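Trainee: model this:
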Amino acid sequence: MRSMSRYHQPEDLIREHLRHAQAEADDVLRQAGAAAADRSVSFERPCAVGPLERLPVLPRRRG
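Mentor: Prediction:
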């Protein structure tokens, strides 16, 4: 598979895509929280920030 690194995406396009993705994620998480509340289940919404390479490690740091 060839590398896509030589293709450049404009920063504003990427930021707009991220805004839409965050809005969709917020909506899904809000619905999940409401469903959990209906079932009297605790629902925590973690938010981990860091470099993409560390993504698998970030949620575990809360321990």
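
Trainee: excluding chain neighbours, what is closest to residue 45?
Mentor: Among residues not flanking residue 45 along the chain, residue 29 sits closest, at 5.5 Å (Cβ to Cβ, 6 or more residues apart in numbering). Using the backbone N, CA and C atoms, a C-beta is placed for each residue, glycine as well.

Trainee: so the one you found is in which element?
Mentor: Take DSSP states H and E as the rule and residue 29 turns out to sit in helix 11-38.

Trainee: what about residue 11, neighbour count?
Mentor: By other Cβ atoms under 10 Å, 8 other residues sit near residue 11.

Trainee: circling back to that earlier point, so which elements touch the helix holding residue 29?
Mentor: Packing partners of helix 11-38 (3 or more Cβ pairs under 8 Å, 6 or more residues apart in numbering; DSSP states H and E): none among the helices and strands.

Trainee: now it: average pLDDT?
Mentor: Taken as a whole, helix 11-38 carries a mean pLDDT of 90.

Trainee: burial check on the residue nearest to residue 45, number of neighbours?
Mentor: 13.

Trainee: repeat for residue 41
Mentor: Residues near residue 41, counting by other Cβ under 10 Å: 10.

Trainee: go on, residue 23?
Mentor: 10.

Trainee: and it, how far is that from residue 33?
Mentor: 16 Å (Cβ to Cβ, to the nearest Å).

Trainee: and if you look at residue 42?
Mentor: 10 Å.

Trainee: the more surrounded of the two?
Mentor: Using other Cβ under 10 Å, the more surrounded residue of residue 42 and residue 33 is residue 33, with 14 against 6.

Trainee: for residue 16, give its distance to residue 51.
Mentor: Remark: distance between residue 16 and residue 51 (Cβ to Cβ) = 22 Å.
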